[in-house]
Every structure is written in C-alpha cells, then in structure tokens.
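Peer 1: here's my sequence, what's the structure:
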Amino acid sequence: MSAESDAPRVSEGESTQVPPQQSALAPEPEAASKAALTTALKENDVGASSDLVKEGQELRTVFQDPVAFNVKHPLYNRWTLWFDNPGHKGSSSAKERRESWGANLHRVVDITSVEEFWGLYNNIVPPSTLPQSANYYLFKDGIQPAWEDPANGNGGKWSIQLPREKHRSQIDKLWLYTMLSAIGEMLETPMAESKLPPSREEELVTGVILQARSNYYRISVWTRRADEWDVEVPEGEPVPESVAVGRRLLELGRFFKTEVLGYPLDAKVGGGFSSEVEFQSHKDSEKKRGKRSLV
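Peer 2: Got it, this is the predicted structure:
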C-alpha cells in the first residue's frame, strides 16, 4: 500500500494471533464489515482469492486477523481514498483555501477488497485526531471528490454536522460505519438485504466524506442524482423515473440516519453546532441557498 507523503498514517502494529473462526474485530465493526463481505461473495464467482497464502500456511480472513490476513474478498466496486488538509500550508483566508483546493488533494490508495479496506483502516490516522480543516474522501474509482466531476454535477449529499468535542469519542465509529455501508453497497439498497446492488448505471452513491473542523465534524454521503421525492403521483399511474429516484434518495437518507448513525428516524438532533440529517443538491449548496430536506 502506498500513500502520498502528506497523507496521515501511523505505523503498522504487530499482528494479533487468534484461534481459527474467532474474530479479532470488535462485534459491531465485524457485523458491519460482513455486509461488504456478503456483497463481495455474491458478485464474484471466484469469491475469495488466496493468492497471498504460502504453502503450508493456514488461511486467515480479516475476521480472524485484521492485520495479518491472507485471503481477499473482492468488492463490488473499486474505491479510492483521498485526503487533504488545505489549512496546514498557512492559507490566509477561506477563499484562498477554496481556490487552492485541488493542489492539496492527495490520492492515498485504491481499495478492491474487504481485506484491503481493513489494512487501510488499521494504518491511517483516525478522524478524532485529525487537525482542523482536514478531510477524508472515499469515492468510487474514476470519480473525483468534487462537484465538477460529471458523476457529481447533477447530484447532492446527505450530511450531518456534529459538535467536535461532544462527539470526539464517537466520530471514529460513525465514520467507520459510513465507509463500510458504502463499500458494502448497503446505502444503495437500504432495508433490503436480500436484493443485489443495482447495476453500476443505476448506482446513486458516488462517495462519502469526513470533514474535521475546529468546532465540528461533518459526515456526508454524495449522490449522482438530486431528484425530489415529495411528488404526488395519481393512483394507478406509473411512477416517473425521477420520482422513483427521489424515493430511493429518501430511503438512502433514512438508512443513513437510523442504521449507520444510529438515531431514531423521528429524532431531532440539530442545535448549536449540530445539524439534522439533511439533503441538499450540489448546485443549491454552491449558491448557498435552496431547500434542505430533513429525514
């Protein structure tokens, strides 16, 4: 695994040996990561690749050893982790930081398997210790984490803002669950475990973002569409494609709030530096206006 010099990472720890069939992952991350593994197995005829296994060596999955695993399960999509910290070069204003955004963006690593994801996760700085103005971007292969990318231009984002000090102990877990739900394609098919992910032409999610600021953290799920969902369709008439997409966006947001972030659907979480779970199109966000739709 290679990383740009400015991208944060910590040294690799020694592997923990555990008995076969016993997981070294905490229960909640293990359960979440199995969503990614299940999707990988469904979408790949070969399933697990044991190219890393040496003769006479015991097979070790990521569930048995999150560091020294030797079996890989391919993901449905290839993902790329990006990082930037535009504030660390001493830019004097927010405008200058926006204008120099692209120059500060670093492509850290590509992820093609469940095991590669955990190898990455075990060797980068967690969000709780990131400096203010730093950002992680986990996007599908070939998609830049920018409004200007064609995959994002007509889209939007579900996001939540959380006070930094109050949520410092929780942000690592919330970001982990967001990433796992993305690479496991759970955001694409919320509340429908038996369904396969949509075709790549129908996929809504383009990436997920973690932003660390002086007073808050923000987690966002970016989508390639921003259709309305509160459109009445006369009974008996077919649902227009745009409305169907809008309803998928709504279900995605509900899943993000309840299954990923862990809030009751009707819970009010805004106030102070906190925001509700909100959706806004990129075009409206760029113009600093537009309706924000609450879950």
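
Peer 1: near the residue nearest to I111 when sequence neighbours are not counted, how many other residues are there?
Peer 2: Spatial nearest neighbour of I111, chain neighbours left out: W79 (4.5 Å); criterion: C-beta to C-beta, 6 or more residues apart in numbering. From N, CA and C alone the C-beta is placed, and that goes for glycine too. Here the count is done by other C-beta atoms under 10 Å, and W79 has 23 residues near it.

Peer 1: other SSEs contacting the helix or strand hosting K166?
Peer 2: Following DSSP states H and E, one finds K166 within helix 164-183. Contact analysis of helix 164-183 by 3 or more C-beta pairs under 8 Å, 6 or more residues apart in numbering; DSSP states H and E lists helix 27-43, strand 74-84, helix 114-121, strand 135-140, strand 156-163, strand 205-212, strand 216-223 as its packing neighbours.

Peer 1: put together a markdown table for the ones you listed, with distance to L261 and mean pLDDT on each row.
Peer 2: Shown next, in a markdown table, are the helices and strands packed on helix 164-183 (distance: least, C-beta to C-beta, whole Å; pLDDT from 0 to 100):
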| stretch | distance to L261 | mean pLDDT |
| --- | --- | --- |
| helix 27-43 | 13 | 51 |
| strand 74-84 | 20 | 94 |
| helix 114-121 | 19 | 86 |
| strand 135-140 | 16 | 98 |
| strand 156-163 | 6 | 95 |
| strand 205-212 | 12 | 98 |
| strand 216-223 | 8 | 97 |
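
Peer 1: to R289, which of the ones you listed lies closest?
Peer 2: Closest of the helices and strands packed on helix 164-183 to R289 is strand 156-163, at 13.6 Å (criterion: C-beta to C-beta).

Peer 1: list the neighbouring strands of that closest one plus their orientation.
Peer 2: The pairing partners recorded for strand 156-163 under DSSP bridges are strand 216-223 (antiparallel), strand 278-281 (antiparallel).

Peer 1: the first one to strand 135-140, inter-axis angle?
Peer 2: Here the directions of strand 216-223 and strand 135-140 differ by 20 degrees (axes from the mean of the first three to the mean of the last three C-alpha atoms, to 10 degrees).

Peer 1: tell me which residues in stretch 74-93 are buried?
Peer 2: The neighbour-count check on stretch 74-93 (16 or more other C-beta atoms under 10 Å) flags 74-77, 79-87, 91 as buried.

Peer 1: correct me, but V243 touches R225?
Peer 2: No - because the distance of 11.5 Å does not satisfy C-beta atoms under 8 Å, V243 is recorded as not touching R225.

Peer 1: sorry, back to before: looking at the strands paired with strand 156-163, which is buried most?
Peer 2: strand 216-223 (a mean of 24; mean count of other C-beta atoms under 10 Å).

Peer 1: tell me what the helix or strand following that strand is packed against?
Peer 2: Using DSSP H and E, the next helix or strand after strand 216-223 towards the C-terminus is helix 241-255. Contact here means 3+ C-beta pairs under 8 Å, 6+ apart; on that basis helix 241-255 packs against strand 156-163, strand 216-223.

Peer 1: do you know which of these lies nearest D266?
Peer 2: strand 156-163 (15.3 Å).

Peer 1: surely W229 meets L252?
Peer 2: No - with contact taken as C-beta under 8 Å, W229 and L252 are classed as non-touching, separated by 10.2 Å.

Peer 1: between those two, which is the more surrounded one?
Peer 2: Set W229 next to L252 and count neighbours by other C-beta under 10 Å: L252 wins out with 23 against 17.

Peer 1: list the contacts of I111.
Peer 2: Listed by C-beta atoms under 8 Å, 6 or more residues apart in numbering, the contact partners of I111 are 75, 78-81, 117, 120, 138, 183.

Peer 1: same thing but at 10 Å, please
Peer 2: With contacts defined as C-beta atoms under 10 Å, 6 or more residues apart in numbering, the neighbours of I111 are 1, 75, 77-81, 117-121, 138, 141, 179, 183.

Peer 1: what kind of secondary structure is it in?
Peer 2: Following DSSP: H, G, I helix; E, B strand; the rest coil, I111 is assigned to strand.

Peer 1: mind checking how far it is from H73?
Peer 2: For I111, the distance to H73 equals 12 Å [C-beta to C-beta, to the nearest Å].

Peer 1: I143 now?
Peer 2: From I143 over to H73 (counting by C-beta to C-beta), the distance is 23 Å.

Peer 1: equivalent analysis for W222, please.
Peer 2: The spacing between W222 and H73, counted by C-beta to C-beta, is 25 Å.

Peer 1: right, I'll leave it there.
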